[in-house]
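**Q** Next come a sequence and a model predicted from it.
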Amino acid sequence: MSENDGGKPAFSVRTAEIATAAFFLVLGAIVIFDSVRLGMGWKDDGPQAGYFPFYIGVIICVSALVNLVAALAAARKKSAGFVGVGQLKLVLSVLLPTAVYVVLIGWIGIYAASTLFVALFMRWLGKYPWWKVVAVSIGNSVVFFLIFEVWFKIPLPKGPLEAFLGLH
C-alpha cells in the first residue's frame, strides 16, 4: 500500500477471504435449497428442473468451505491490508450511489433515475457547472429514450414522470 491511499487498511486479506467464502457458502446453500424445492431428481423423461443447479450449488458450497477453512486456518500475520480506508471510500463513493440508482429505477423509471444518477456524478465528483449538469443529464436520458423506445421499440422501465408526460 502506498502513502497516499488512505493510510491504514480498512480490513485484512484474511477478513476479505473469510467474508467472500461465507458469501459463496450462503449463495450455494440458496441454490441447493431452491433446487430441492424445484425437484433435483431424475425422472423417466429426464432430469428435473433443479437437477443441474443442485450439483452446481454443491460445487459452490464445497469450494466455499475449502476456502473458508483455509482462511480460518491461516495465521494472523502482519501483512498489507486488503484495501486501504481511502481506497474503500473511493469504491463506496461509486458503489452506494449506483445501488440507490438501481433501486430508483423500480420506483421512478430508468429515464428519471438515469437523469439523477448522471447529474449526481457530474456535480459531486466532476464539479461541473449546473448548466452542463442539466444539459448532459437530461440530454442523455432523451437520447436513450429515442434510441430504445422510439427507434428500436424496446420498452424500458418507466415511472410516474413518463406516465404524466403520456409516454407510458
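**A** Received the coordinates, thanks.

**Q** Touching the lowest-mean-pLDDT helix or strand in the chain from outside, list them.
**A** Lowest on mean pLDDT, DSSP states H and E among the helices and strands of the chain sits helix 160-164, with a mean of 82. Helix 160-164 is contacted by residues 108, 109, 111, 112, 168 when judged by C-beta atoms under 8 Å, 6 or more residues apart in numbering. In this view, the C-beta of every residue, glycine as well, is placed from N, C-alpha and C.

**Q** neighbours around the nearest residue in space to residue 56 that is not next to it in sequence, how many?
**A** Distance criterion C-beta to C-beta, 6 or more residues apart in numbering; nearest residue to residue 56, sequence neighbours excluded, is residue 31 at 6.4 Å. Residues within reach of residue 31, counting by other C-beta atoms under 10 Å, total 20.

**Q** phi, psi of residue 31?
**A** phi -60, psi -40 (degrees, to the nearest 10).

**Q** quick one, what contacts it?
**A** 53, 54, 56, 57, 60.

**Q** which one of those sits closest to residue 88?
**A** The nearest member of the contacts of residue 31 to residue 88, counting by C-beta to C-beta, is residue 60 at 26.5 Å.

**Q** what kind of secondary structure is that closest one in?
**A** helix (DSSP: H, G, I helix; E, B strand; the rest coil).

**Q** Leaving out sequence neighbours, find the closest residue to it.
**A** residue 28 (3.3 Å).

**Q** buried ones in whichever helix or strand that neighbour is part of?
**A** If you go by DSSP states H and E, residue 28 is part of helix 13-38. Of the residues in helix 13-38, 13, 14, 17, 18, 21, 24, 25, 28, 31, 32, 35 count as buried by neighbour count, 16 or more other C-beta atoms under 10 Å.

**Q** Same check on stretch 136-145?
**A** 136, 137, 140, 141, 145.

**Q** Tell me which stretches of this protein form strands.
**A** Here the chain has its strands, by DSSP state E, at 9-11, 42-43, 46-47, 83-84.

**Q** Deepest-packed of these, please.
**A** strand 83-84 (a mean of 20; mean count of other C-beta atoms under 10 Å).

**Q** for it, the distance to its chain's centre please.
**A** 20 Å (C-alpha atoms, centre = their mean, to the nearest Å).

**Q** what mean pLDDT would you report for that strand?
**A** For strand 83-84, mean pLDDT rounds to 88.
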